[in-house]
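What follows is a predicted structure for the sequence shown.
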Amino acid sequence: MRAHPMVCFGNAMTRPITDRCSFPSTLWRAMRVVGIDPAAVLHMAGLPGSVHLDPATSLSTSQYFAIWKAIKALASEPCIALKIIKAGDSTGQQPGFLAGLYAANFRDAISRLLHFKSMVTSEKIWTKEEQGQWSMGRDWPFATEPEPSLCIDLAFAFMVELGRRGTGRRVTPIRVQYTRDRAGDEGLEIYYGCKVHFGARHNSITFANEDLDIPFPGHSPEFLELVTRSVLDAFAKLAGEDTVVDRVKSAMKRAMATGRPEAAAIASELGMSERTLQRRITAEASSYRALLIEARRERGLELLRNPSFDINAITSMLGYESPTSFYRAFKEWEGVSPGEWRLQRGMDRGI
């Protein structure tokens, strides 16, 4: 057996493993297409209903898993993963998937897809090659429970879909293994085209090496370089700006909808004591109160740009006790009322 190293593209950064995940906006859009309301998902997951509006929102592994479990619970059919993939054709696929379609072959496409995926979640991807077969699985170092079944299904089905669309052939895994027990998964077996083994030690998917080496007719080095560079630069920018201040404000925004973000709760979410949190904020020349004001202003402007939210909804999402309090704060931020701000931008709904 030999390990198959992940490919490193361009100036890709080495990202330290931290308990941080993000949920792509493309998936939230796909949820709507298949009839699942993001707000209902977040409510069931115990998260603020505005999380789906900001794809840069940082989630812990437990929060990320809670979202997937909620989606599964709200789905009307067992093989919802396949519908979500299909919905991506109309709502937009994830960058790693799109880049993979222009790769040289299936192996190259998988490497790119997994590379991009590892940059936005805390998962640790492992691969191995032996006897002409290539297998892949993943572990979650910060998880306190098994990975949700839908999360696994979608990851494996995305890989199969990538191979089929890229090669133009019905690429079929040799083997798919799940740690869970069988529960209405016949549709997945039909889709994979192979037997699914349940009650296994690890979740994994295996392909024949000869399938990985099938070339992609749509291979475009120029377009592939353009897409890859764009995505990596975006990740590099986010990583460079990921200060304690940024993390605190992100946590504050998540906590707003459930009340005033308290320092003790924010510190606990970020894995540090309240005293340490205050000290690190001070080291970056700020204060907790100043960050809360900044976070509310940023979130308030984001919400106002969405005409589907009226002033009462925004007031609630920002944790203000009344619309009057929000009006007063907004006037201090922008010098105009929320309604005037929207009118200046041709948005007069909901005020």
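Right, received. Where do you want to start?

Name the next helix or strand downstream of the helix or strand of the chain with the lowest mean pLDDT, please.
One helix or strand of the chain scores below all others by mean pLDDT, DSSP states H and E: strand 2-3, with a mean of 40. Counting by DSSP states H and E, the element after strand 2-3 in chain order, helix or strand, is helix 25-33.

Need the mean per-residue confidence for that next one.
What helix 25-33 shows for mean pLDDT is 88.

which helices and strands does that helix pack with?
On a contact count with 3 or more CB pairs under 8 Å, 6 or more residues apart in numbering; DSSP states H and E, helix 25-33 meets helix 38-45, helix 80-91. For every residue, glycine as well, the C-beta is placed using N, CA and C.

can I assume Gly184 sits in a strand?
No - using DSSP: H, G, I helix; E, B strand; the rest coil, the assignment for Gly184 is coil, not a strand.

I'd like the distance between Arg180 and Gly339.
According to CB to CB, to the nearest Å, Arg180 stands 51 Å off from Gly339.

again, but for Thr26
From Thr26 to Gly339 the distance is 32 Å (CB to CB).

okay, those two: which has more neighbours?
Thr26 (19 against 16; other CB atoms under 10 Å).

Isn't the more buried one up against Gly92?
Yes - taking contacts as CB atoms under 8 Å, Thr26 lies within contact range of Gly92: 5.0 Å.

hang on, the earlier thing: hey, least reliable of the helices and strands packed on helix 25-33 by pLDDT?
For these, mean pLDDT drops lowest on helix 80-91, to a mean of 87.

what's in contact with that one?
With contact meaning CB atoms under 8 Å, 6 or more residues apart in numbering, helix 80-91 is reached by 26-27, 29-34, 36, 71-72, 77, 94, 97, 150, 153-154, 157-158, 161, 187-188, 191.

Return a ChimeraX selection command for the buried portion of those.
Command for ChimeraX, covering only those of the contacts of helix 80-91 found buried under the criterion 16 or more other CB atoms under 10 Å:
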select :26,27,29,30,31,34,36,71,72,94,97,150,153,154,157,158,161,188,191
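
Any stretches of the stretch 101-250 of the chain with poor pLDDT?
Scanning the stretch 101-250 of the chain for pLDDT under 70 picks out the ranges 231-242.

For it, just list every one of the helices.
Applying DSSP state H, counting those that start in this stretch to the stretch 101-250 of the chain gives helices spanning 106-118, 149-167, 186-192, 209-212, 221-240, 244-256.

Figure out which of those helices is closest to Glu269.
helix 244-256 (5.1 Å; CB to CB).

Which helix or strand lies directly C-terminal to that closest one?
helix 263-269.

pLDDT of that next one, averaged?
84.

Tell me the helix or strand right after that helix.
Next helix or strand after helix 263-269 toward the C-terminus (DSSP H and E): helix 274-283.

Alpha carbons of the following helix or strand past that next one, as CSV, please.
Remark: after helix 274-283, the chain's next helix or strand is helix 288-304, criterion DSSP H and E. Provided in CSV are the C-alpha atoms of helix 288-304 (Å, rounded to 0.1, in the frame of the first residue of the first chain):
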residue,chain,number,x,y,z
TYR,A,288,-15.2,44.3,22.8
ARG,A,289,-17.8,47.1,22.7
ALA,A,290,-16.2,48.6,19.6
LEU,A,291,-16.2,45.2,17.8
LEU,A,292,-19.9,44.7,18.7
ILE,A,293,-20.8,48.0,17.1
GLU,A,294,-18.7,47.1,14.0
ALA,A,295,-20.3,43.7,13.8
ARG,A,296,-23.8,45.1,14.1
ARG,A,297,-23.1,47.7,11.5
GLU,A,298,-21.7,45.2,9.0
ARG,A,299,-24.5,42.7,9.5
GLY,A,300,-27.1,45.5,9.4
LEU,A,301,-25.8,46.7,6.0
GLU,A,302,-25.8,43.1,4.7
LEU,A,303,-29.4,42.6,5.8
LEU,A,304,-30.6,45.9,4.4
